[in-house]
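Colleague: Below is the sequence, then the predicted model.
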Amino acid sequence: MKNILIGGAWPYANGSLHIGHIAGLLPGDVLARYHRAVGDNVYFVSGSDCHGTPVAIRAKQENRTPQEISDFYHEEFVQCFEKLGFSYDVYTKTSSDEHKRFVQEFHKRLYESNYVYEKETPQAYCENCDTFLADRFVLGKCPECGKDTRGDQCDFCGTVLEPENLIEPVCAVCKKSVNFRKSKHLYIAITKLRSELRELVNNHPEWRKNAIAFTNRYIDDGLRDRALTRDLEWGIKVPKEGYENKSIYIWAENVLGYLSASKIAAEKRGADFDELWGKDAKHYYVHGKDNIPFHTIILPSLLLANDKKWHLPDQIISSEYLTIEGKKISTSQNYAIWVKDLLDNYEPDSIRYFFLANGPEKKDADFSWREYVNSHNGELLGAYGNFINRSLAFISKYYDGIVPKGKNNPVIDKQIEELFVTVGKQIEGGIFRDALNTIFEFVRHSNKFFDTEKPWITRTTDAASCENTLYQCVQIIANLAVLLCPFLPFSSAKVCNWLNIDSKWEKHSVSAGYILPEIEILFKRIDKKVIETETEAGNL
């Protein structure tokens, strides 16, 4: 039994979740469900990112407190994740007392290291919004290429920036000019950790290609020391004399949520937190492309500088971008599909299937209502659901719901055994689309087996052959349900319950003579009119 930590990225609690968030985070739940089925000791953790400028600005716009805003969206996130079947062991928030205490203790130790120093630096301030701004909330022209960009990094040429170096800097919220005020802050000397960070990426060729490329580029071109503190009221207070009016910079505390949340999880089950963060554990981090440097540069730097021999990231599951109907998602222009709305009208397994089978795993992916409906009707319902229904309905109708006696097909038996090995390796390697496709290739093969054996004919011409076919189909269904449990937990739970089997990651069998309960349709067909209806309704 291994200790497995799976950290899902923490969404900003300043607005609703959109499908881009889900596309990037779903692999974490697949990993958690798979490792539990294998028998590993899993800690699947995440939470809502409640501090920082985005939340404070949203609160000011709505004349509410940052706590009210972040709590509102946190609760919305919790409901969405629960409806989608995310099996978090702990889903918390950065404004929780447990997180605050852990972060402050971590930072106290960090400040005693040789990697933290004081520095006076200009900090962007918006007179109109009456607030200091995080780097990403300062817009201007890149001094290198001249393109419009944010204050932390140019999206066009990749240059790592400081807001004060931008040409014509303005506030991202109100678009008014910003000025810069001198302020003393604590900095972490990331530049001193260059060799350790290089070693980390070099030792992990299994990381996603985008993670390796981004991290190497940061180390080669943009590695710079980063401020640990900020002149913001909404945040975790700095545990150091002379810094009472400052907060810990959001990037230096939100990634520590993986530690604080897993500590809560360990304490709940009476487990050893230090063992989870020791050398023998395995850690996955699941997030979008934008968050790569926070997990391959920032988090490792904090862990290394804290000097407690924390476990560094093992596997980086970093997705590419998701577009909608060929256009970039834009929350500011309301060009998005909101998860809470999607869940009001569509089955969670249907949503999970689409984004796992068609998600931005290795390259950018696109969502369209036409593709979604066709995927559901043609693959999930047409191939998988149809195979289960035609097989079990046949037994219910002609065999009084009793699984007939039959012999195992040795070729199919071997295929099932191999599937558990192959799909398991693909999931552990972060290759989720291939894993799901491998299973559905077998689904299609199983439908062909049913068609070739023609039980509707052999029922009256060759009873033994018919019984063998149906018995084998029941065995296939049982194992498909287990194989698909990490991907499609709701429908898999139904099938496992029908056949009285568990979800342990191994080949299962259902005995002849087992009496099936009443079987229902596993998936409902989506009317193709939905494509036009959703588009006209403004849901793109």
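Modeller: Received the coordinates, thanks.
Colleague: need the contact list for C142.
Modeller: Going by C-beta atoms under 8 Å, 6 or more residues apart in numbering, C142 touches 148-149, 154, 156-157, 159, 161, 166-167. The C-beta positions use only the backbone N, C-alpha and C, and glycine is treated the same way.
Colleague: could you dump those to CSV with pLDDT and neighbour count?
Modeller: Formatted as CSV, the contacts of C142 follow (pLDDT from 0 to 100; neighbours: other C-beta atoms under 10 Å):
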residue, pLDDT, neighbour count
D148, 93, 14
T149, 92, 23
C154, 81, 22
F156, 78, 13
C157, 78, 12
T159, 74, 17
L161, 82, 21
L166, 95, 23
I167, 94, 11
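Colleague: Which of these fall in strands?
Modeller: 148-149, 167 (DSSP state E).
Colleague: which of those lies closest to G278?
Modeller: T149 (41.0 Å; C-beta to C-beta).
Colleague: got the phi/psi numbers for the residue of the chain most remote from its centre?
Modeller: Relative to the centre of the chain, and counting by C-alpha atoms, centre = their mean, the farthest-placed residue is T461 at 51.9 Å. With angles defined as degrees, to the nearest 10, T461 sits at phi -110, psi -30.
Colleague: Make 531 the first number, not 1, from now on.
Modeller: Got it, first residue is 531 now, which makes that one T991.
Colleague: Might you report the residue contacts of it?
Modeller: Contacts of T991 by C-beta under 8 Å, 6+ apart: none found.
Colleague: Model confidence for it, exactly?
Modeller: pLDDT, T991: 97.
Colleague: One more: G688?
Modeller: 66.
Colleague: roughly how far apart are the residue lying closest to N746 once chain neighbours are set aside and K838?
Modeller: If the residues on either side of it in the chain are set aside, N746 comes closest to V731, at 6.2 Å by C-beta to C-beta, 6 or more residues apart in numbering. V731 sits 22 Å away from K838, going by C-beta to C-beta, to the nearest Å.
Colleague: Which one's more surrounded, these two?
Modeller: V731 (22 against 12; other C-beta atoms under 10 Å).
Colleague: from memory the more buried one sits against P823, does it?
Modeller: No: using C-beta atoms under 8 Å, V731 is not in contact with P823; the gap is 11.5 Å.
Colleague: Overlap in contacts, those two.
Modeller: Jointly contacting V731 and P823 under the rule C-beta under 8 Å, 6+ apart are T745.
Colleague: List phi and psi for the closest residue to D810 other than its chain neighbours.
Modeller: Using C-beta to C-beta, 6+ apart and skipping residues adjacent in sequence, the residue nearest D810 is N533, 6.9 Å away. In terms of degrees, to the nearest 10, the main-chain angles of N533 are phi -90, psi 120.
Colleague: show me what contacts N533?
Modeller: 570-571, 573, 805-806, 808, 810-812.
Colleague: before we move on, what SS does N977 have?
Modeller: Counting by DSSP: H, G, I helix; E, B strand; the rest coil, the backbone at N977 sits in helix.
Colleague: Let me know whether it touches Y914 as I believe.
Modeller: No: N977 is beyond contact range of Y914, at 9.1 Å (criterion: C-beta under 8 Å).
Colleague: The two - which one has more neighbours?
Modeller: Between N977 and Y914, counted using other C-beta under 10 Å, the more crowded position is Y914 (26 against 18).
Colleague: show me where the stretch 881-1030 of the chain has helices.
Modeller: 899-905, 916-928, 940-958, 962-983, 985-991, 993-1014, 1019-1029 (DSSP state H, counting those that start in this stretch).
Colleague: mind putting the ones you listed in TSV, distance to Y876 included?
Modeller: Formatted as TSV, the helices of the stretch 881-1030 of the chain follow (distance: least, C-beta to C-beta, whole Å):
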stretch	distance to Y876
helix 899-905	8
helix 916-928	19
helix 940-958	24
helix 962-983	18
helix 985-991	33
helix 993-1014	18
helix 1019-1029	12
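Colleague: Would you mind measuring from the residue nearest to the spatial centre of the chain to T826?
Modeller: The centroid of the chain falls nearest to L555 when counting by C-alpha atoms, centre = their mean (1.4 Å). Per C-beta to C-beta, L555 is found 18 Å from T826.
Colleague: Surely I749 and R728 touch.
Modeller: Yes: under the criterion of C-beta under 8 Å, I749 makes contact with R728 at 5.6 Å.
Colleague: how about the helices in the stretch 731-880 of the chain?
Modeller: Going by DSSP H, counting those that start in this stretch, the stretch 731-880 of the chain shows helices at 739-747, 781-784, 787-798, 803-806, 822-823, 829-836, 869-875, 878-887.
Colleague: hey, which of the ones you listed is tucked in deepest?
Modeller: Highest mean neighbour count among those (mean count of other C-beta atoms under 10 Å): helix 781-784, with a mean of 25.
Colleague: any low-confidence regions in the stretch 931-1070 of the chain?
Modeller: 1067-1070 (pLDDT under 70).
Colleague: Recalculate using a threshold of 90.
Modeller: 1063-1070 (pLDDT under 90).
Colleague: what's the answer for the stretch 631-780 of the chain, then?
Modeller: 651, 653, 658-667, 674, 680-692, 702-703, 751-753, 761-763.
Colleague: what about the helices of the stretch 881-1030 of the chain, which gets the closest to Y542?
Modeller: Here helix 962-983 is closest among the helices of the stretch 881-1030 of the chain (C-beta to C-beta), at 24.5 Å.
Colleague: list the buried ones in the closest one?
Modeller: Going by neighbour count (16 or more other C-beta atoms under 10 Å), the buried part of helix 962-983 is 962-966, 968-970, 972-973, 976-977, 979-980, 983.
Colleague: and that helix, how far out from the chain's middle?
Modeller: Relative to its chain's centre, helix 962-983 lies at 26 Å (C-alpha atoms, centre = their mean, to the nearest Å).
Colleague: and if you look at stretch 647-660?
Modeller: 33 Å.
Colleague: in it, what's buried?
Modeller: So for stretch 647-660, counting by 16+ other C-beta under 10 Å, buried means 653-656, 659.
Colleague: which of the residues you listed lies closest to F611?
Modeller: C659 (31.5 Å).
Colleague: Now do the contacts for G1043.
Modeller: 932-933, 935.
Colleague: rerun at 10 Å
Modeller: 932-935 (C-beta atoms under 10 Å, 6 or more residues apart in numbering).
Colleague: and what of S625?
Modeller: Going by C-beta under 10 Å, 6+ apart, the list of residues near S625 reads 543, 577-581, 585, 596-597, 600-601, 604, 764-766.
Colleague: Only the buried members of those residues: can you turn that into a PyMOL selection?
Modeller: PyMOL command restricting the contacts of S625 to the buried ones, with burial defined by 16+ other C-beta under 10 Å:
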select buried, resi 543+577+578+579+580+581+585+596+600+601+604+764+765+766
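Colleague: Which of the contacts of S625 fall in helices?
Modeller: 585, 596-597, 600-601, 604 (DSSP state H).
Colleague: ok, those residues vs Y647, which is closest?
Modeller: V585 (28.7 Å).
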